[in-house]
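1. how does the following fold in three dimensions:
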Amino acid sequence: MKSYPVLVALLVIACNASAQFITEEGLIVNQAGDTLRGQVRIPRSDKTPTSIEFIRDGKTTRYRPDEIPYFRFGNDASYIGVITDVDKTPKTVKQFDDPSFVGTSVKRDTVFLSIAVLGKMSLFKLVDNNNLYYVRFNDKLTPLTLRVQLVNLPNGNGIATYDVYKDQLKSVITNCPQAEPWIDKTDYTQASLSKLILKFNACQGETSSFIQKQPGAKLIISAFGGVVSSSLNNSGETPPAKVSYSGSTKAIAGLGFEIAAGKMQKRLSLLGEVLTYSVEFTNKNPTPTTGYFYDLSYVRINLGARIYLTGGEIKPYVQAGVGMGRAYKSTYFSGQPANQSFIPAKGESGLHFAAGVKYRRLGLQVRYERSGGFSESRAFVTKVTNLSGMLTFDLNKPKE
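-> You can find the predicted model right below:
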């Protein structure tokens, strides 16, 4: 089909464009201590950004960590700019074998750190080649050290870890019965370290003023409905071979199940759909040999993926998916009554591409679909093209 390369190219271009940067409402604090509100743009990556772009009054300014002490991205992510030690040494067997890690060490650098917990004792995170954590207590920023060594094992190389960070925490977490017993049980992860620091801050009689949320995958259930216009292309072996039919506009409706990625940098969702739609093709002025009437209704299950191009309340997206359907209604007539050339198929399958936009819980989508399996007859081999326009509404609002 000639349309496929164009659709694939557009999808690739859109995905590549969305993969570069994401923009959210936010703010920065400049060196003079002024708070400026605007839009913050960062590279789309799991790694902590090394620079940001700040958009205000139509002007875009790039900032490095040594130029702003603080910025906030959206509602859930805040960062500080600091000069600190960054552990560049390998932490996995694969990294030990990677030539790019040869000669790496702890280096002094100017970086952004994301705020995980803010309080009497604060926790920060840097994602470079690995996850690195820092605590600040009494205005002193300390890198928490997890030392890793390559060891030779009978079945190959392995690594040994030394939890230096636990001794570092024991040196500052004292006289706190709620927190001290948990130090040895604390893993080198944001969730585990956050729990320990929250206990310590509570012991100091202080409620932590900021706790970065740890969103997991979110399930969003939506309902959608609209109209679908179909066309049918027959490439069978005998008449009415190689004929195109334009169908009537019919209704389409269903339920969608979206698993949205929890990480802020990710805009990818996995989709599942259960929908129903119909196709109807009619020759309104039939003759004994050319008359036809096809009216089939399907229940279909689709699986696919969606990429949001931006964040915020207004979110444009592109998606693609595949699906299989089953006919629950088939009314048809084709050709002469004694020799009908059409045998309706119970099953069908298709591939779709779509573009849409969501505003809060309400959405609009335009979809192109190409499906096969309309007919079981060799004389009536068909492909159906469906063009749909749909309104969507999220039935639930997942907790952030």
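2. show me what contacts the residue nearest the centre of the chain?
-> Nearest residue to the geometric centre of the chain (Cα atoms, centre = their mean): Leu268, 1.9 Å. Counting by Cβ atoms under 8 Å, 6 or more residues apart in numbering, Leu268 makes contact with Ala261, Ala305, Arg306, Ile307, Tyr308. In short, each C-beta sits where N, CA and C put it, glycine included.
3. quick one: the second one is in a helix?
-> So the one you mean is Ala305. No - per DSSP: H, G, I helix; E, B strand; the rest coil, Ala305 lies outside any helix segment and is strand.
4. OK, contacts around it?
-> Per Cβ under 8 Å, 6+ apart, neighbours of Ala305: Leu268, Ser269, Leu270, Leu271, Gln319, Ala320, Gly321.
5. what's the closest non-adjacent residue to the third one?
-> Spatial nearest neighbour of Leu270, excluding adjacent residues (Cβ to Cβ, 6 or more residues apart in numbering): Ile259 at 4.5 Å.
6. counting neighbours, what do you get for the one you found?
-> 16 (other Cβ atoms under 10 Å).
7. quick one: pLDDT of it?
-> In the predicted model, Ile259 carries a pLDDT score of 87.
8. now do the one 5 residues further on
-> Met264 carries a pLDDT value of 48.
9. and for Thr282?
-> So, for Thr282, pLDDT stands at 77.
10. so what's it up against?
-> Neighbours of Thr282 in contact, by Cβ under 8 Å, 6+ apart: Ser248, Tyr292, Phe293, Tyr294.
11. run the last query once more with 6 Å
-> Thr282 makes contact with Phe293, according to Cβ atoms under 6 Å, 6 or more residues apart in numbering.
12. what's the spacing between it and Ser230?
-> From Thr282 over to Ser230 the distance is 12 Å, taken as Cβ to Cβ, to the nearest Å.
13. show me where the stretch 201-350 of the chain has its strands.
-> With DSSP state E, counting those that start in this stretch as the criterion, the stretch 201-350 of the chain has strands at 210-211, 218-234, 243-260, 268-282, 292-308, 314-334, 347-359.
14. and these as JSON lines, adding distance to Thr189?
-> Below are the strands of the stretch 201-350 of the chain laid out as JSON lines (distance: least, Cβ to Cβ, whole Å):
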{"stretch": "strand 210-211", "distance to Thr189": "15"}
{"stretch": "strand 218-234", "distance to Thr189": "21"}
{"stretch": "strand 243-260", "distance to Thr189": "22"}
{"stretch": "strand 268-282", "distance to Thr189": "23"}
{"stretch": "strand 292-308", "distance to Thr189": "27"}
{"stretch": "strand 314-334", "distance to Thr189": "30"}
{"stretch": "strand 347-359", "distance to Thr189": "32"}
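15. follow-up on the earlier one: flag whichever of the contacts of Leu268 scores worst on pLDDT.
-> Comparing these by pLDDT, Ala261 comes last, at 69.
16. now the strands: where do they sit in the stretch 1-150 of the chain?
-> 21-29, 35-43, 52-56, 59-63, 70-73, 77-87, 106-118, 121-127, 131-137, 140-144, 147-153.
17. nearest to Leu362, out of those strands?
-> Ranking these by their distance to Leu362 (criterion: Cβ to Cβ) puts strand 21-29 first, at 19.6 Å.
18. got the angle between the closest one and strand 59-63?
-> Put simply, strand 21-29 runs at 80 degrees to strand 59-63, going by axes from the mean of the first three to the mean of the last three Cα atoms, to 10 degrees.
19. packing partners of strand 21-29?
-> strand 35-43, strand 70-73 (3 or more Cβ pairs under 6 Å, 6 or more residues apart in numbering; DSSP states H and E).
20. dump the strands of the stretch 1-150 of the chain to CSV, plus mean neighbour count, mean pLDDT and distance to Glu376.
-> Below are those laid out as CSV (neighbours: other Cβ atoms under 10 Å; pLDDT from 0 to 100; distance: least, Cβ to Cβ, whole Å):
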stretch, mean neighbour count, mean pLDDT, distance to Glu376
strand 21-29, 19, 87, 48
strand 35-43, 17, 91, 52
strand 52-56, 18, 93, 57
strand 59-63, 12, 94, 59
strand 70-73, 21, 92, 55
strand 77-87, 19, 93, 55
strand 106-118, 18, 93, 58
strand 121-127, 22, 93, 54
strand 131-137, 20, 95, 56
strand 140-144, 16, 95, 66
strand 147-153, 12, 87, 60
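21. nearest to Tyr277, of these?
-> Per Cβ to Cβ, nearest to Tyr277 of the strands of the stretch 1-150 of the chain: strand 21-29, 33.9 Å.
22. chain center to that closest one: distance?
-> 19 Å (Cα atoms, centre = their mean, to the nearest Å).
23. likewise stretch 357-375?
-> So, by Cα atoms, centre = their mean, the centroid of stretch 357-375 is 18 Å from its chain's centroid.
24. kindly report the same for stretch 29-48.
-> Centroid separation for stretch 29-48 versus its chain: 22 Å, with Cα atoms, centre = their mean.
25. kindly report the same for stretch 123-130.
-> 21 Å.
26. what does that stretch contact?
-> 46-48, 91, 111, 113-117, 132-135, 190, 193-194, 197.
27. let's see 7 Å
-> 46-48, 80, 86, 91, 95, 111, 113-117, 131-136, 190, 193-194, 197 (Cβ atoms under 7 Å, 6 or more residues apart in numbering).
28. any idea how far the residue nearest to the centre of the chain is from Val164?
-> Taking Cβ to Cβ, one finds Leu268 at 36 Å from Val164.
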